[in-house]
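*Asks:* predicted coordinates and the sequence they were generated for:
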Amino acid sequence: MATSVSLARSRFRGRRTLGFTESVIREMTRLALECGATNLAQGYPDFSAPAVLKRAAIEAIEADDNQYAITWGAKPLRNAIAAKYRRHYGAHFDPEREITVCCGATEGMIASLLAVIDPGDEVVIFEPFYENYGPDIKLCGAEPRFVKLLPPDWTFDPEELRRAFSPRTKAVIVNTPNNPTGKVFTRAELQFIADLCQEYDALAVTDEIYEHIRYDGAAHVPIFTLPEMRDRSILVNSMSKTYSVTGWRVGWVLACPDLTDSIRKVHDFLTVGAATPLQAAGAVALAFDDDYYLHLAADYTQRRKIVMEALTDAGFRCFVPSGAYYVMTDVSEFGFSDDTAFVRHLIDVVGVAAVPGSSFFWHSSLGSQLVRFCFCKKYETLELVRKQLSQMR
Ligand SMILES: Cc1ncc(COP(=O)(O)O)c(C=O)c1O
């Protein structure tokens, strides 16, 4: 009789899961906890969420707003999302037919891809990339096609991008501001991508979760605002980073009615809906005025300064991010065989956890001398890191 182990290896191991490994980012967080290291690996804040938001969630629970919301999102939150895009971009999204509230950008992305991608399709991704996109595409039975973002400013070669498109291309994923590089795609770059989408009849699926975390005047351009792109775009965003509530799991997807119809069907069967009282609090968050976003960006500018100074003083070569809250660094000067060996040394000896760069690459050798640090941490945590890194000099 087959043992349960051999059964798991054969009949009950879905082929689509075979290439998946544990998330390296979450593994580094686990190691950091085990070793008591300061965690600059996983991108979640160690500071408080806005008090008014926490109060709104508590009040919603106490008011018994505790049952299923409408599967595609509570109306006050959809209305608040529509109002936000009107205010910031002068865009009109119909809350009834073009907005879907999901369990974070994570669900927003996989629900959107499952809704529009067929087995055998191809999806273009810029590499290095946020680690979920590869598995997301595999779960759709599709194939990723990679296009390199080239340091130090993470531009791409337009010809390489053009070659990655083919009649099989169903979509391109664009994450701007970008994790892990901190790149903010320019209007001209986005226009080039948009032109290819039109030429090849493909969609642009954008992950704009770091929309409000930008530096040095970098402008955020949602690709849907470019000519002819409104009906060719799926925009994914979430409360996680903008409001420092990564554990709430509330995100949204904007798309034209046709696309939204398919996305809502997948979303309904995947998760039914995001937490109802947290959606109520989300409606409060999305109505925050411009001051909130200005303050958020100014605060992260200061955190970026501290962490970049600390890393540079310790001998890292930093790629200056224009957005998001990560610094990618080149660690070749330290003479380690690869990024994972270096990060293990950082955790064990220096007491700081980071993410090996290879985990953001399909072709892992491309990241073997890169390491990513996040800086969404209290000032005192960042000052502690400064002290810890100073031992490396
Ligand atoms: C680019 C990007 N997209 C999506 C996510 C996950 O978003 P959410 O918490 O809304 O699921 C992250 C989290 O780090 C991210 O960096």
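*Replies:* Thanks, I have it.

*Asks:* show the pLDDT at Gly43.
*Replies:* With respect to pLDDT, Gly43 has a value of 89.

*Asks:* you'd agree it is up against Ala354?
*Replies:* No. With contact defined as CB atoms under 8 Å, Gly43 does not reach Ala354; the gap is 11.3 Å. (C-beta placed from N, C-alpha, C; glycine too.)

*Asks:* residues contacting the residue of the chain found nearest the ligand?
*Replies:* The minimum distance from the chain to the ligand, using CB to the nearest ligand atom, falls at Gly104 (2.6 Å). Applying CB atoms under 8 Å, 6 or more residues apart in numbering, we find Gly104 in contact with Ser238, Ser240, Arg249, Val250, Gly251, Ala274.

*Asks:* count of residues packed around the first one?
*Replies:* Burial of Ser238, expressed as a neighbour count using other CB atoms under 10 Å, amounts to 30.

*Asks:* so between Gly43 and Ala354, which is more surrounded?
*Replies:* Using other CB under 10 Å as the criterion, Gly43 and Ala354 rank with Ala354 on top: 30 against 23.

*Asks:* would you agree that one is in contact with Thr29?
*Replies:* No. With contact defined as CB under 8 Å, Ala354 does not reach Thr29; the gap is 10.8 Å.

*Asks:* pull up the overlap in contacts between those two.
*Replies:* Ala41.

*Asks:* so is the strand or helix carrying Val253 next to the ligand?
*Replies:* Assessed by DSSP states H and E, Val253 sits inside strand 251-254. Yes. Looking at strand 251-254 against the ligand by CB under 6 Å from any ligand atom, the contacts come from Gly251.

*Asks:* I'd like the next helix or strand past that strand.
*Replies:* According to DSSP H and E, the helix or strand after strand 251-254 is helix 257-271.

*Asks:* could you tell me which residues within that following helix count as buried?
*Replies:* Neighbour counts using 16 or more other CB atoms under 10 Å place Leu259, Thr260, Ile263, Arg264, Val266, His267, Thr271 of helix 257-271 among the buried residues.

*Asks:* reformat the residues you listed as JSON lines; add pLDDT.
*Replies:* JSON lines is the format used below for these (pLDDT from 0 to 100):
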{"residue": "Leu259", "pLDDT": "98"}
{"residue": "Thr260", "pLDDT": "98"}
{"residue": "Ile263", "pLDDT": "98"}
{"residue": "Arg264", "pLDDT": "98"}
{"residue": "Val266", "pLDDT": "98"}
{"residue": "His267", "pLDDT": "98"}
{"residue": "Thr271", "pLDDT": "97"}
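
*Asks:* pull up the pairing partners for the strand holding Val253, direction included.
*Replies:* Partners of strand 251-254 in the sheet, by DSSP bridges, are strand 99-102 (antiparallel), strand 233-238 (antiparallel).

*Asks:* export the ones you listed to JSON lines and tack on mean pLDDT and distance to Phe373?
*Replies:* Formatted as JSON lines, the strands paired with strand 251-254 follow (pLDDT from 0 to 100; distance: least, CB to CB, whole Å):
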{"stretch": "strand 99-102", "mean pLDDT": "98", "distance to Phe373": "29"}
{"stretch": "strand 233-238", "mean pLDDT": "98", "distance to Phe373": "22"}
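
*Asks:* just put those in JSON lines and tack on distance to Ser368.
*Replies:* Converted to JSON lines, the strands paired with strand 251-254 look like this (distance: least, CB to CB, whole Å):
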{"stretch": "strand 99-102", "distance to Ser368": "35"}
{"stretch": "strand 233-238", "distance to Ser368": "30"}
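
*Asks:* wait, which of the ones you listed is closest to Val205?
*Replies:* Closest of those to Val205 is strand 233-238, at 4.6 Å (criterion: CB to CB).

*Asks:* tell me which residues are up against the closest one.
*Replies:* Residues from elsewhere that reach strand 233-238, judged by CB under 8 Å, 6+ apart: 102, 104-105, 108-109, 112, 116, 171, 203-209, 211, 222-224, 250-255, 259, 263.

*Asks:* what does stretch 41-52 give?
*Replies:* Identification of contacts with stretch 41-52 by CB under 8 Å, 6+ apart yields 25-26, 28-29, 32, 39, 54, 179, 241, 243-247, 284-285, 288, 292, 325-326, 353-355, 374, 376-378, 381.

*Asks:* one more: stretch 265-284?
*Replies:* With CB under 8 Å, 6+ apart, stretch 265-284 has contacts from 52-54, 56-57, 59-61, 65-74, 76-77, 79-80, 100-104, 107, 110-112, 114-115, 239, 245, 248-251, 253.

*Asks:* so which of these sit within helices?
*Replies:* 52-54, 56-57, 59-61, 76-77, 79-80, 104, 107, 110-112, 114-115, 239 (DSSP state H).

*Asks:* which among those count as buried?
*Replies:* 53, 56-57, 60, 76-77, 79-80, 104, 107, 110-112, 114-115, 239.

*Asks:* this protein against the ligand: which residues are in contact?
*Replies:* 43, 104-106, 130, 175, 179, 207, 209, 238, 240, 246, 251.
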